[in-house]
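**Q** Kindly generate the corresponding structure for this input.
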Amino acid sequence: MKALGQQADGRFRLEQNVRFEGEPVESRSWMMWQTTPGHYSTTLTEASRLAVGRTDGNRLTLRYPLKGWGLIMHQILDLTNNGRTVVNYGSIRFLGIPIGQLRATIQLTH
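**A** Below you'll find the model as predicted:
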């Protein structure tokens, strides 16, 4: 993950390389901005429209529809004490039924 930081317009930009076992590396982009205190809107490469999020301490919770198939992603991202690592828990639902989960560790490399 390469945090590119705050843009001139106040938005936060992030570039991410994702590796899944046996698959080629995927590049993803995030752009996040605060809408009201503690609430955010985010564009993500894999989302079909804006993600909405909120913060609580070092936790960011995001919810967004994935491109295609009507899947909804719910993510909880916890920033660890070192300030460079995020533990990402995710749940994917289809018509409200859980169909997948993820747990990933995201480390800032730059």
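**Q** tell me the mean pLDDT over stretch 35-42?
**A** Stretch 35-42 shows a mean pLDDT of 94 in the predicted model.
**Q** Buried ones in it, by neighbour count?
**A** Judged by neighbour count using 16 or more other C-beta atoms under 10 Å, the buried positions of stretch 35-42 are Tyr40, Thr42. C-betas here are computed from N, CA, C, even on glycine.
**Q** Same check on stretch 67-79?
**A** Residues of stretch 67-79 classed as buried by neighbour count (16+ other C-beta under 10 Å): Leu71, Met73, Gln75, Leu77, Leu79.
**Q** what does it rub up against?
**A** 46-48, 58-66, 85-95, 99, 106 (C-beta atoms under 8 Å, 6 or more residues apart in numbering).
**Q** What distance do you get for the residue in the chain sticking out farthest from the centre to Leu71?
**A** Distance from the C-alpha centroid of the chain, by C-alpha atoms, centre = their mean, peaks at Gly22 (22.1 Å). As judged by C-beta to C-beta, to the nearest Å, Gly22 and Leu71 stand 21 Å apart.
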